[in-house]
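Colleague: here you go, sequence then predicted model.
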Amino acid sequence: MFRPVSVAVVATLLLTIVGATPAAAAIEPVPSFGTNPGNLKMFRYVPTGLPANRPVVVALHGCTQNASGYGTGAGWTELADRMGFAVVLPEQQSGNNFNRCFNWFERGDTTRGQGEAESIAQMVRKTIADTGADSARVHVTGLSAGGAMTAVMLAAYPNMFAGGGVVAGIAYRCAASMIDAFSCMNPGRNQTPAALGDAVRAASSHSGPWPVVSIWQGTADYTVAQANATELVEQWTNVHGIPATPTSTDTVAGHPHAVYAANDRPVVERYTITGMGHGQPLDPGAGPERCGTAGAYLLDVDICAAWHMGAAWRLAA
């Protein structure tokens with residue numbers, strides 16, 4: 001007499017017989033993650049079978065984009081599978097900003113413990129609690145308004161992030177209103193390195209160590225001027241207590257790359273993507289250094305920013 005076999009058992013047997021692998025993870029909403037003072041939405045990508053004590057990357061979309069489109073398009077979800085880390089994907093709502101830009105210029109959203117910045121911090125805490133992630137290996141990155149919000153998170157929560165990647169973004173506290181925001185974006189606002197560094201130091205009671213920062217900017221970006229990358233370099237080298245003069249320079253995939261080191265440790269780096277407009281650098285296709293899917297503001301320029309950040313942050317280790 002045969003006993004009935006459950007569907008789950010049959011599925012397991014079939015997977016074993018044909019050598020298949022379980023279905024890939026999906027980007028999923030997380031409806032409850034805290035008080036959410038910034039009224040943001042939370043999405044998350046956790047690779048199937050991800051063990052505890054793995055890193056976390058927060059990926060912040062640009063204006064008009066959404067969480068899943070940016071997380072997938074920029075290459076972060078595929079790298080999560082390859083390198084083994086969780087991805088937190090905050091999403092702006094049109095009720096907060098008509099163009100779905102993170103409000104990186106509003107003091108109520110860029111101050112520690114308040115607004116959108118605190119909502120993003122709550123998403124990180126929720127993910128660490130849910131996945132058992134390594135709280136010492138959390139990084140944040142983003143494009144355009146998401147890049148500017150990355151600078152906010154690094155300044156307001158430097159104890160939470162080991163590092164960050166700012167793509168076509170703005171220095172922390174460049175703007176205090178929407179009118180300021182446009183002038184910061186282009187032509188840019190020229191502040192002294194000391195004033196830029198003081199803004200970060202005043203954002204929290206943290207006294208170090210400070211996050212490492214990767215800065216990416218296209219030379220043909222007429223939305224966010226190149227001057228902003230210089231301001232970011234000056235801000236974070238000042239915070240780290242080093243000159244805003246590279247300790248080494250080279251080219252990566254044909255693009256200029258400058259490194260700023262403290263005690264022989266790279267703490268700030270700048271990638272200048274020749275001929276690139278406003279967007280996230282990608283290199284779609286198969287290959288260890290390739291990632292991303294081209295689209296609006298997701299630009300195939302033969303270098304994948306996400307992969308280079310992930311390698312520098314040793315996410316696969």
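Modeller: Perfect, I can see it now. Numbering: from 1, shown residues only.
Colleague: can you tell me how far the closest residue to Gly197 other than its chain neighbours sits from Ala171?
Modeller: Take Gly197 and drop its neighbours on the chain: the residue closest to it by CB to CB, 6 or more residues apart in numbering is Asn238, 3.1 Å away. Quick note: C-beta positions are derived from backbone N, CA and C, even for glycine. Asn238 sits 11 Å away from Ala171 when distances are taken as CB to CB, to the nearest Å.
Colleague: just to be sure, the residue nearest to Gly197 is in a helix?
Modeller: Yes. The assignment for Asn238 is a helix, going by DSSP: H, G, I helix; E, B strand; the rest coil.
Colleague: got the CA coordinates for the lengthiest helix in the chain in CSV?
Modeller: In terms of residue count, the longest helix belonging to the chain (DSSP state H) is helix 115-131. Taking Å, rounded to 0.1, in the frame of the first residue of the first chain, the C-alpha atoms of helix 115-131 are listed here in CSV:
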residue,chain,number,x,y,z
GLY,A,115,12.0,62.6,8.7
GLU,A,116,13.3,60.6,5.7
ALA,A,117,16.8,60.1,7.2
GLU,A,118,15.4,58.4,10.3
SER,A,119,13.0,56.3,8.2
ILE,A,120,16.0,55.0,6.2
ALA,A,121,17.9,54.3,9.4
GLN,A,122,14.9,52.3,10.7
MET,A,123,14.9,50.2,7.6
VAL,A,124,18.5,49.3,8.3
ARG,A,125,17.8,48.4,11.9
LYS,A,126,14.9,46.3,10.8
THR,A,127,17.0,44.4,8.2
ILE,A,128,19.8,43.7,10.7
ALA,A,129,17.2,42.4,13.2
ASP,A,130,15.4,40.2,10.6
THR,A,131,18.5,38.7,8.8
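Colleague: helices or strands next to it in the packing?
Modeller: strand 41-45, strand 56-60, strand 86-91, helix 107-110, strand 138-143, helix 145-156 (3 or more CB pairs under 8 Å, 6 or more residues apart in numbering; DSSP states H and E).
Colleague: show me the contacts for the residue nearest to Met149 when sequence neighbours are not counted.
Modeller: In space, and not counting its chain neighbours, Met149 is closest to Phe102: 4.0 Å by CB to CB, 6+ apart. Taking CB atoms under 8 Å, 6 or more residues apart in numbering, we find Phe102 in contact with Leu60, Pro90, Gln92, Asp109, Glu116, Gly142, Ala145, Gly146, Ala148, Met149.
Colleague: count of neighbours near the residue nearest to Gly197?
Modeller: Applying other CB atoms under 10 Å, we find 22 residues neighbouring Asn238.
Colleague: give me the pLDDT value at it.
Modeller: Here the pLDDT value assigned to Asn238 is 98.
Colleague: what of Ala24?
Modeller: In this model, Ala24 carries a pLDDT of 75.
Colleague: which residue comes closest to Cys174 once chain neighbours are left out?
Modeller: Cys184 (4.1 Å).
Colleague: pretty sure the one you found is in a helix, no?
Modeller: Yes. Using three-state DSSP, the assignment for Cys184 is a helix.
Colleague: tell me the spacing between it and Ala151.
Modeller: Counting by CB to CB, the gap from Cys184 to Ala151 is 11 Å.
Colleague: name the residues contacting each of those two.
Modeller: Overlap of the contact sets of Cys184 and Ala151 (by CB under 8 Å, 6+ apart) consists of Ile170.
Colleague: ok, those two, which is more surrounded?
Modeller: Ala151 (30 against 24).
Colleague: what number of residues lie near Tyr271?
Modeller: 25.
Colleague: and the strands in the stretch 151-300 of the chain?
Modeller: Assigned by DSSP state E, counting those that start in this stretch, the stretch 151-300 of the chain shows strands spanning 163-167, 212-218, 248-252, 255-262, 265-273, 280-282, 298-300.
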